[in-house]
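J.: Structure for the following, please:
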Amino acid sequence: MLKIDPELLNNASLSPHRRALEQGYRWLRFEDGLEQQFQAFYVQGHVARVRMAAYVCIVLFAMFVILDLATLPAYVSIRTASIRIGLIIPSFIVVLLASYRAAWRPYLGTAVFSAALVTGLSTVAVIGSALDAGYQIPYEGILLVALFIYLIAFLSWRRALLANMVTLGAFVIMEFWLQTDSRARLYQIVFMCAANGVGAYGAYFLEHSMRTTFLVNTLLHELAALDGLTGLSNRRTLNIHLERVWRQALRDRQAVAIAMIDIDHFKRYNDRYGHARGDAALKAVADVIAAQARRPLDLTARYGGEEFAVIWHNPVPGELQAMGEALTAAVAALRIEHPDSDSGSLSVSVGVTIGLPCAGDDAAALLRMADQALYQAKHQGRNQVVVSEPVAAFV
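T.: Numbering: from 1, shown residues only. Here you go, the predicted structure:
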């Protein structure tokens, strides 16, 4: 098992990814939403490898066909070659199609599982058909199939185990039905069980490590994108998201609004109560601000120090004042005592502006306008909302 640096978890937000790392996943399963993310990550990361494995399998089984025709009696090779050509190779062609066609991509895992199952059962059929014809061919191929399904097919551990258990069951039945040499039967069954044991053990830890990599990779992205104290997006993420929303709004001819928020007289609060209580107050205000982003393209961020920002994608212009006042009321409802403030409790000033992007416009200009509106709110006495009118370029 991979060991995770405790500092990584301590600095990460209380997300499902952190919770999964702390609680563990010995059964190789996350909670539903996280499991879907992992499956998407798994498929995306393994498409090229699955494709290469499919090509290799097609070439190998084509070589086995040639080998059968060249070395086995005709009455045996016609059976074995037919199984390889008619069942195994087509199943990997389906995998290739699923890997190349975007519409089929969600079914890639099912295609690989089906190919693994077909390959396992078909290999049993190849051995059985030769035994039925009175000819014993080498058994090593079935052991390679088991290890391939566990370690190279890029199946989830559960699916790989299921495919191999079905194959093992069919193999045992075939052995007792067609293998007349009891000693050979015993050895082959023991070898097959051993191959499954080794493969299942290796595949379990392979998937466990992959799940850990997924979680750590996501946490690192979160640490790079989020403010460590408040859990809101950081300033860098705000700038990136604003540019993205700006471009989309330009394409869709929709508006973008920005609210800049500042905690009133926060330095006085810190000086009176100390940084520990100051951090707690910042976190409480951040939680209120986080609730302002309700739609996928909305974003809340800590801009720096005691300043925050909210990006609203395509809001109703006439509601901006009410939205800002709802935010100030929610902060006031926290009732965080602040004797050095005019209101006697922690409050915020809010500056809001809205723009309709046009070609050549700069998203940063809208941010500056929101900052100017915030300055005006503070200049007018704080604990209030100022909504600035957009300049002509944004109309």
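
J.: which stretches of the stretch 1-150 of the chain have low pLDDT?
T.: Applying pLDDT under 70 to the stretch 1-150 of the chain flags the ranges 1-14.

J.: Tell me the first helix or strand C-terminal of the top helix by length along the chain.
T.: The helix spanning the most residues in the chain, taking DSSP state H as the definition, is helix 182-225. Note on helix 182-225: by DSSP states H and E, the next helix or strand toward the C-terminus is helix 235-252.

J.: so what secondary structure elements neighbour that next one?
T.: helix 182-225, strand 256-263, strand 299-304, strand 307-313, helix 363-379 (3 or more C-beta pairs under 8 Å, 6 or more residues apart in numbering; DSSP states H and E). For every residue, glycine as well, the C-beta is placed using N, CA and C.

J.: want to try JSON lines for the ones you listed, with distance to M174 as columns?
T.: Converted to JSON lines, these look like this (distance: least, C-beta to C-beta, whole Å):
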{"stretch": "helix 182-225", "distance to M174": "10"}
{"stretch": "strand 256-263", "distance to M174": "67"}
{"stretch": "strand 299-304", "distance to M174": "60"}
{"stretch": "strand 307-313", "distance to M174": "62"}
{"stretch": "helix 363-379", "distance to M174": "67"}
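
J.: looking at the ones you listed, which is closest to L34?
T.: Closest approach to L34 among the helices and strands packed on helix 235-252 (C-beta to C-beta): helix 182-225, 8.6 Å.

J.: For the closest one, give the mean pLDDT please.
T.: Average pLDDT, helix 182-225: 90.

J.: Can you name every helix or strand that that helix contacts?
T.: Packing contacts for helix 182-225, counted by 3+ C-beta pairs under 8 Å, 6+ apart, involve helix 6-11, helix 16-23, helix 32-71, helix 140-151, helix 157-178, helix 235-252.

J.: Check these for me and report the most buried one.
T.: By mean neighbour count, with neighbours taken as mean count of other C-beta atoms under 10 Å, helix 140-151 ranks first of the helices and strands packed on helix 182-225 at a mean of 20.

J.: Is it possible to get TSV of the helices and strands packed on helix 235-252 that adds distance to I137 and mean neighbour count?
T.: What follows is the helices and strands packed on helix 235-252, written out as TSV (distance: least, C-beta to C-beta, whole Å; neighbours: other C-beta atoms under 10 Å):
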stretch	distance to I137	mean neighbour count
helix 182-225	12	16
strand 256-263	69	25
strand 299-304	63	22
strand 307-313	65	24
helix 363-379	69	19
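
J.: And those: which comes nearest H338?
T.: Ranking those by proximity to H338 (C-beta to C-beta) places strand 256-263 first, at 9.1 Å.

J.: The closest one - which strands sit beside it in the sheet, and in what orientation?
T.: If you go by DSSP bridges, strand 256-263 pairs up with strand 307-313 (antiparallel), strand 348-355 (antiparallel).

J.: Now render the ones you listed as a markdown table, adding mean pLDDT and distance to L223.
T.: Output for the strands paired with strand 256-263, formatted as a markdown table (pLDDT from 0 to 100; distance: least, C-beta to C-beta, whole Å):
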| stretch | mean pLDDT | distance to L223 |
| --- | --- | --- |
| strand 307-313 | 94 | 19 |
| strand 348-355 | 94 | 27 |
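
J.: Can you say which of the ones you listed is nearest to K378?
T.: strand 348-355 (4.9 Å).

J.: quick check: angle from the closest one to helix 363-379?
T.: 140 degrees (axes from the mean of the first three to the mean of the last three C-alpha atoms, to 10 degrees).

J.: With only the CA atoms kept, save strand 348-355 in CSV.
T.: The C-alpha coordinates for strand 348-355 follow below in CSV (Å, rounded to 0.1, in the frame of the first residue of the first chain):
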residue,chain,number,x,y,z
VAL,A,348,-19.0,43.1,4.9
SER,A,349,-18.9,45.7,2.2
VAL,A,350,-19.9,44.6,-1.3
GLY,A,351,-19.2,46.1,-4.7
VAL,A,352,-20.9,44.6,-7.7
THR,A,353,-20.7,45.2,-11.4
ILE,A,354,-22.1,43.5,-14.5
GLY,A,355,-20.9,43.4,-18.1
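
J.: Pull the distance from it to the chain's centre.
T.: From the chain centre to the centre of strand 348-355 is a distance of 34 Å (C-alpha atoms, centre = their mean, to the nearest Å).

J.: for stretch 329-340, same thing?
T.: 38 Å.

J.: Likewise for stretch 151-160?
T.: 19 Å.

J.: What mean pLDDT does it get?
T.: For stretch 151-160, mean pLDDT is 90.

J.: which outside residues touch it?
T.: The contact list for stretch 151-160 (C-beta atoms under 8 Å, 6 or more residues apart in numbering) reads 28, 42, 46, 49-50, 53, 109, 112-113, 115-116, 149-150, 163, 199-200, 202-204, 206-207.

J.: tell me how far the ends of that stretch are from each other?
T.: 9 Å (C-alpha to C-alpha, to the nearest Å).
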